[in-house]
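> Sequence first, then the predicted structure, then my questions.
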2 protein chains.
Amino acid sequence: MYRSHNCGELNASHINTEVTLSGWVQKSRDKGFMNWVDLRDRYGITQLIFDEGRSEKSVFELAKTLGREFVIQVKGTVIEREAKNKNMATGDIEILVTELNILNAALTPPFTIEDETDGGEDIRMKYRYLDIRRNPVKNNLLFRHKVAMEVRKYLSDLDFCEVETPYLIKSTPEGARDFVVPSRMNEGQFYALPQSPQTFKQLLMVGGMDKYFQIVKCFRDEDLRADRQPEFTQIDCEMAFVEQEDILNVFEGLTRHLLKEIKGIEVEKFPRMTYEHAMKTYGNDKPDIRFGMEFGELNEVAKSKDFPVFNAAELVVGIAVPGIGSYTRKEIDGLIDWVKRPQVGASGMVYVKCNEDGTYKSSVDKFYDQADLSNWAKTTGALPGDMIFVLSGPADKTRSQLSALRMEVATRLGLRKPTEFAPLWVVDFPLLEFDEESGRYHAMHHPFTSPKPEDMHLLETNPGKVRANAYDMVLNGNEIGGGSIRIHDKATQQLMFKYLGFTEEEAKAQFGFLMDAFQFGAPPHGGLAFGLDRLVAILGGQETIRDFIAFPKNNSGRDVMIDAPSIIDESQLKELHIKLDVV
Amino acid sequence: MYRSHNCGELNASHINTEVTLSGWVQKSRDKGFMNWVDLRDRYGITQLIFDEGRSEKSVFELAKTLGREFVIQVKGTVIEREAKNKNMATGDIEILVTELNILNAALTPPFTIEDETDGGEDIRMKYRYLDIRRNPVKNNLLFRHKVAMEVRKYLSDLDFCEVETPYLIKSTPEGARDFVVPSRMNEGQFYALPQSPQTFKQLLMVGGMDKYFQIVKCFRDEDLRADRQPEFTQIDCEMAFVEQEDILNVFEGLTRHLLKEIKGIEVEKFPRMTYEHAMKTYGNDKPDIRFGMEFGELNEVAKSKDFPVFNAAELVVGIAVPGIGSYTRKEIDGLIDWVKRPQVGASGMVYVKCNEDGTYKSSVDKFYDQADLSNWAKTTGALPGDMIFVLSGPADKTRSQLSALRMEVATRLGLRKPTEFAPLWVVDFPLLEFDEESGRYHAMHHPFTSPKPEDMHLLETNPGKVRANAYDMVLNGNEIGGGSIRIHDKATQQLMFKYLGFTEEEAKAQFGFLMDAFQFGAPPHGGLAFGLDRLVAILGGQETIRDFIAFPKNNSGRDVMIDAPSIIDESQLKELHIKLDVV
């Protein structure tokens, strides 16, 4: 053993103990006759003291050669510190060093190994192993482990069985792009890496496993938007003999358990909201409900006056932003510019200041009188001192723009508190969504989602109106999980593939095994999957998942530390029966 | 909820309770006026009774239509069973059914869903979801989950942190073949799937994570021998600031914990054996020590007589097989034929019967007298009633043949008891092994293994003699884990790559990131990995890993259930910048 204790555990109770510690030199302060070194390991920092009067000369001299991030081992005696540091667990003591052993020297790191570092994103990714030494990243990884362990314990205690499903599976054209793996032994054929273990978990239900979960890597070869990774981790779950209500209860229980165990927060029963309500009230299927600002639809009270913009619009909709009724024209213009940015895309914005004296001042005073504006205030729930912002245009687009504005002002006003947690269920998602590009309907969740039985009759006549037994768990404006009750009979599954534009042959070639399985006694079943990366980030009070992944990839899908992907040998290609096709 | 209870929990205490159960029809016995159905789910079997006298006519009639593996839901009353079955948890009761709901019909399964099935391997793989319904397979999966959970709990409690390392990494020519993944975004480049997270776990040690583990899928594109899978699962571990002794203690503790928690078996401190000793005494670096039959080297006592075969041999070596001294000539010939099979490859075998009266009868009585044979008996530890088998030839080959014989007779004599567990450590593995084919040395473990400091000087002069700080954990004749203390400084690592035949450029291109990392303060570290599939199989008292994997692949690397790998679209290939190169 290179140590008797770690660098985070010694305190006043250990005074006069002989100890051996190992770790990294965080910093050293050379005062000539006295030399202090902060020794760091995963568990903390312990102060070492080298004293010309009390230390061996050779030890004292060697200590002067120590640079930052040197790896050393010391033996010494725990002594009481003169200048105690109440902010450190080990702040009452220091080690008077009698033996010093340099285990490994270190070059000067390319950025400082401190909580606040001077290193930019790129350099920290290239030297990720140094970044991991920093508390913020290290603590994120420890936190992630803790969350994953709690998930496993909770589900295991409920008789869920973690089953490992295969990583080398079959490519299917549905959904996002697959990563594929050429097979050496099966010439001209390819495996695909799973986008999710969806069909396997359903087969496990057919196989009677009853309650399945898995914390599992999934893969999507998509163009990477900010904060997406080509490989990501899911908490994947499935249950047999359940209805939607059962699933919501189990996984609400899991989430409540995590909030309590990990964050010490008790939450009420999660509110439930239909997709339709979420879209009308928040313009968004994953509303952040930590703050109000619910949408007020103003068609009735704002149309049929002489304001042509509103009169021509499909939807006029506003929100009351609390406490900013006294914004200056410049501040308001700033927000108007914000919604007009191409990323948001509004063509303009109407505002109404709700004065403290009960009067209103708006940008459309020419068209609307105080009584009109008072109606707007009533509809949006605005109080004196608030500001109403109103957007208009095509309904879907306008709601989406107002949702963006709502989130932006909430962020600016500090209403999205990272220490506050507001989970909810969004339910009754549409089964299908129309894709303008391909001119046909796609499965909103995936092709295995069960339509609501009472909406089945609409499949032929009004497919966009068919609701699914599908649900999302939303936390602080982020979708952290989603799932559905599945189809469990061959006929319905065949029908679904037909509506999704599969020929009978295609359906059979790709999912024949699943439909076959449904013929041999498939139980009713359903499940959901949580995105672990995002769940952990949000529980950690942060927004970016990258800092909760040990070795993330950049936006081009590269691991800049190991320099992957990379070229491979001609002979390797030959064995795999492929050739490059590059320009 | 489709049920109030599961099919394994009802007993006499529930009599007169109204219950709802769901599950599969295991079998039904139609006695005309009475119809019994065994209802099965993951948790057990409960007997249902449909009685012409006591059940609704429609329910009674419907019950007659139930086929095997139909999925049904029933409501009814728990009643005392007339003919109790003490072998079933639910054997005291049955359910008098009042409502029957067929949730899903089932085709007749292609094999019987019983503990002993009539289905062959191929058909069971094709319909793996049906195979999983069978107790033996289902219980293996539940058992695997339990083992994995215990591993995680044990290591977590010791402050190990599970860190997920990436699956899309970089291809390296060292070791087995990689599976590769063409990159769409990085034209002409490929990721590789990890053969193990080796370099990442070492980087985590450089990053100060201190104690790491991960239960993780690994991938090797090798020709599949029986009981190998292209994707397999490792319990991967690494620790910093440790010596070999620390690692052996931690993971011996883990294994002892598993044996106790999972099997209820307490084992002594694991014996340790050097590689050299294991090879000399068992002809094998993973000896099964549940039984004796240690090798006796007979060169001294068998050479320099007139038997030319032995005199010409590098090694003469024998084992004493207990209690078969009275084998007939035919039985002995059977074993001689066995060792002469091409898979074993011996050219012949000498035997000595140790008679109960203390005399000997051998196949080489022409050359050796009773005193000679008595010496053989002493050397091999043979007692009256035993049989000595002696092989001769080149040392390595002969040891390997005798090892095969030793295992074979132990199996035939029932000495390899699945309920007995004999773990041990094999230590001091050679660093390098000579590869006849390429005419150079290869790393026996991997290129990151540290040579023993005291053997470093032999690297230039006698590389085959250099021992490594490398160790294997062996359980019942199977290697279940192995690892090493790693090199943690750049100079030694560079030297190692040089000895392994890497040019400086190759070493830098493939492992530059690791050697760079070693310059920034790498701690001494080491670790090991267990093969989870095998560990679980052995703990489960079985030899084949396939039955402990939910969805295994066959010997051609195919998943015959989903029919993967398969061809992919031309457009997919184009996006990935590759073309097929098939004949």
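Arrived safely.
> Pull the number of nearby residues for the nearest residue to residue A:188 once chain neighbours are set aside.
Of all residues beyond its chain neighbours, the one nearest residue A:188 is residue B:582 (4.4 Å), with distances taken as C-beta to C-beta, 6 or more residues apart in numbering or on different chains. (Glycine included, C-beta is placed from N, CA and C.) Neighbour count for residue B:582, taken as other C-beta atoms under 10 Å in any protein chain shown: 9.
> for residue A:499, same thing?
19.
> doesn't residue A:463 make contact with it?
Yes: contact criterion C-beta atoms under 8 Å: residue A:499 and residue A:463 qualify, at 6.6 Å.
> Show me whatever sits in contact with both of those two.
A:432, A:441 (C-beta atoms under 8 Å, 6 or more residues apart in numbering or on different chains).
> Report pLDDT for residue A:208.
On the pLDDT scale, residue A:208 is placed at 98.
> burial count for it?
With other C-beta under 10 Å as criterion, residue A:208 counts 24.
> Quick check: nearest residue in space to it, chain neighbours excluded?
residue B:133 (4.5 Å).
> which element is that neighbour on?
Under DSSP states H and E, no helix or strand contains residue B:133.
> Break down the stretch 101-250 of chain A into its helices, ranges please.
For the stretch 101-250 of chain A, helices defined by DSSP state H, counting those that start in this stretch occupy the ranges A:121-126, A:128-131, A:135-157, A:198-206, A:244-263.
> do the stretch 401-550 of chain A as well
Using DSSP H, counting those that start in this stretch, helices in the stretch 401-550 of chain A cover A:458-461, A:490-499, A:504-518, A:532-539.
> Determine which stretch of these is the most buried.
Among the helices of the stretch 401-550 of chain A, helix A:532-539 has the highest mean neighbour count (mean count of other C-beta atoms under 10 Å in any protein chain shown), at a mean of 24.
> Now it: average pLDDT?
Helix A:532-539 comes out with an average pLDDT of 96.
> Which SSE is immediately downstream of it?
Assignment by DSSP H and E places the next element after helix A:532-539 at helix A:570-575.
> thinking again about what came up before, got the helices of the stretch 101-250 of chain A as JSON lines, with mean neighbour count columns?
Formatted as JSON lines, the helices of the stretch 101-250 of chain A follow (neighbours: other C-beta atoms under 10 Å in any protein chain shown):
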{"stretch": "helix A:121-126", "mean neighbour count": "16"}
{"stretch": "helix A:128-131", "mean neighbour count": "25"}
{"stretch": "helix A:135-157", "mean neighbour count": "19"}
{"stretch": "helix A:198-206", "mean neighbour count": "26"}
{"stretch": "helix A:244-263", "mean neighbour count": "17"}
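> now those helices in JSON lines, with distance to residue A:192?
Formatted as JSON lines, these follow (distance: least, C-beta to C-beta, whole Å):
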{"stretch": "helix A:121-126", "distance to residue A:192": "27"}
{"stretch": "helix A:128-131", "distance to residue A:192": "28"}
{"stretch": "helix A:135-157", "distance to residue A:192": "25"}
{"stretch": "helix A:198-206", "distance to residue A:192": "12"}
{"stretch": "helix A:244-263", "distance to residue A:192": "28"}
